[in-house]
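Visitor: Sequence and predicted model, in that order:
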Amino acid sequence: MTNTNVNIVRAGFYKRRIRYIAVTVVLTVFTAILCSAMLYLGNTRYSPEVILRVLLGEQVKGAAFAIGTIRLPRMLAGLLAGMAFGMAGNTFQTMLRNPLASPDIIGVSSGSGVAAVFCILVLKVSGNIVSISAVIAGLSVAFLIYALSRGGSFSGGRLILIGIGMQAMLNAVISFLLLRANQYDVPAALRWLSGSLNGMKMEDIPALFIVVLLFGCLLVFFGRQLKILELGEQSAVTLGLRTDRTRLLLVLCAVFLIAYATAVTGPIAFVAFLAGPIAGRMAGAGNSNTIPAGLTGAVLVLLADIIGQYAFDIRFPVGIITGILGAPYLIYLLIRMNRTGGAA
């Protein structure tokens, strides 16, 4: 390779790197603006000075309750859950090389949903028991889908088809539980199923923060291996990657993120599905999109919650707004894949 070719390759690398950093910075700033807006907006609006005093621990009359007890937990839950959904969705889509391979499309979120609804309606419990049950169920469904999709060798297309079938079955189980439940318990389950940040408490945040920090950092660490898997099974093996072990670790991290976030906020529709493709379009190729996808997921959740709370006469849960945004994209993607013979 001549020096000229080397310089061209190096220039292309730096150009992609600068674009990646710029997109990440812009998404970070936009996320910070939305977080500030969630702390500011409400029936009573406080000055930035008062908000800062409350965040620093000062007990300002009226503001301490409104900001510290209601708005701050809601904002943190939206931020962390959005990042979890975004990173998990991007991991599945990149690993399986298919934009349809989102946890809320292939049944992982529905697995957590069945466990949570069963706890709410049948066992009549809440809190940590619901979270633990949702994580266990999400992991169990993910590994069942993974095991069924292996056959003689791993197939991403087979995994997606099995996951879609599993999702249909699990959604039927949820419908059965709702029909058999006491009518007075159903509204609580429906609010959870719609995906909502209402009623968030500071007690819900520390565990969610630890899960997002731990497994999010692991996904960032495995970003290079994830990009190698995107090249395909044969290419990854040729490059010396232990594909089965790497894929298992990535699935484990992504499922923990999606299952715990789902347990806290409910299955916020289409965030995991939308975040990765949007981040990929903005950040471009050549870099791991884990961080931009996480930030995009946070932006989607926070923005959708603000729209749902303040753009209409009636307040809508965040999952309703993200569902309205995601459904047209899903239809567009299916039409596009049909026209191109299955290529996204």
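Guide: On my side now, so go ahead.
Visitor: Mind picking out the helix or strand in this protein with the poorest mean pLDDT?
Guide: Lowest by mean pLDDT, DSSP states H and E among the helices and strands of the chain is helix 233-238, with a mean of 73.
Visitor: Just the buried positions in whichever helix or strand comes after it, please.
Guide: Per DSSP states H and E, helix 233-238 leads on to helix 243-265 as the next helix or strand towards the C-terminus. Under the neighbour-count criterion of 16 or more other C-beta atoms under 10 Å, helix 243-265 has 243, 246-247, 249-251, 253-265 buried. Glycine gets a C-beta too; all of them are placed from N, C-alpha and C.
Visitor: same deal with stretch 139-146?
Guide: So for stretch 139-146, counting by 16+ other C-beta under 10 Å, buried means Leu139, Val141, Ala142, Ile145, Tyr146.
Visitor: Grab the most central residue of the chain for me.
Guide: Nearest to the geometric centre of the chain sits Phe85, at 0.7 Å (C-alpha atoms, centre = their mean).
Visitor: quick one on the thing from earlier: let's see which of the buried residues of stretch 139-146 end up in strands.
Guide: Among the buried residues of stretch 139-146, no member is found in strands (DSSP state E).
Visitor: Closest one of those residues to Gly297?
Guide: Ala142 (18.7 Å; C-beta to C-beta).
Visitor: Can you name every helix or strand that the lengthiest helix in the chain contacts?
Guide: Taking DSSP state H as the criterion, the chain has its longest helix at helix 3-40. Secondary-structure packing of helix 3-40 (3 or more C-beta pairs under 8 Å, 6 or more residues apart in numbering; DSSP states H and E): helix 48-55, helix 72-96, helix 271-283, helix 290-310.
Visitor: Mind checking the pLDDT average for the helix or strand that the longest one is followed by?
Guide: Tracing the chain past helix 72-96, the next element assigned as helix or strand by DSSP H and E is helix 108-118. Confidence over helix 108-118, taken as the mean pLDDT, stands at 85.
Visitor: again, but for stretch 321-332
Guide: According to the model, stretch 321-332 has a mean pLDDT of 82.
Visitor: for the stretch 51-200 of the chain, what are the low-confidence residue spans?
Guide: Low-confidence segments of the stretch 51-200 of the chain, defined by pLDDT under 70: 151-156.
Visitor: try 90
Guide: 51-71, 92-168, 171, 174-175, 177-200 (pLDDT under 90).
Visitor: residues touching Lys124, list them.
Guide: Going by C-beta atoms under 8 Å, 6 or more residues apart in numbering, Lys124 touches Asp185.
Visitor: again, only this time at 6 Å
Guide: Contact analysis of Lys124 by C-beta atoms under 6 Å, 6 or more residues apart in numbering lists nothing.
Visitor: Likewise for Thr262?
Guide: Ser109, Ser112, Ala134.
Visitor: which one of these has the most neighbours?
Guide: Ser112 (33 neighbours; other C-beta atoms under 10 Å).
Visitor: Export the contacts of Thr262 as CSV, with columns for distance to Gln93.
Guide: Listed next are the contacts of Thr262 as CSV, based on distance: C-beta to C-beta, whole Å:
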residue, distance to Gln93
Ser109, 14
Ser112, 19
Ala134, 22
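Visitor: Now flag whichever of those residues is closest to Gly308.
Guide: Among those, Ser109 lies closest to Gly308 (C-beta to C-beta), at 19.3 Å.
Visitor: Could you tell me how far Thr243 is located from Ala63?
Guide: 53 Å (C-beta to C-beta, to the nearest Å).
Visitor: on that earlier part again, so the residue nearest to the centre of the chain sits right up against Phe273, yeah?
Guide: No: with contact defined as C-beta atoms under 6 Å, Phe85 does not reach Phe273; the gap is 8.9 Å.
Visitor: Mind listing what's buried along stretch 225-235?
Guide: For stretch 225-235, the buried set under the neighbour-count rule, 16+ other C-beta under 10 Å, comprises Gln225, Leu226, Lys227, Ile228, Leu229, Glu230, Glu233.
Visitor: for stretch 65-82, same thing?
Guide: Residues of stretch 65-82 classed as buried: 66-68, 70-82 (neighbour count, 16+ other C-beta under 10 Å).
Visitor: now swap in stretch 117-134 and tell me
Guide: For stretch 117-134, a neighbour-count test (16+ other C-beta under 10 Å) marks Val117, Phe118, Cys119, Ile120, Leu121, Val130, Ser131, Ser133, Ala134 as buried.
Visitor: So what's the gap between it and the chain middle?
Guide: On the basis of C-alpha atoms, centre = their mean, to the nearest Å, stretch 117-134 sits 21 Å off its chain's mean C-alpha point.
Visitor: Now the terminal residues of that stretch, how far apart.
Guide: 9 Å (C-alpha to C-alpha, to the nearest Å).
Visitor: give me the number of residues near Ala304?
Guide: By other C-beta under 10 Å, 29 other residues sit near Ala304.
Visitor: who's in contact with it?
Guide: Residues near Ala304 by C-beta under 6 Å, 6+ apart: Val318, Ile321, Thr322.
Visitor: for Arg191, same thing?
Guide: Contacts of Arg191 by C-beta under 6 Å, 6+ apart: none found.
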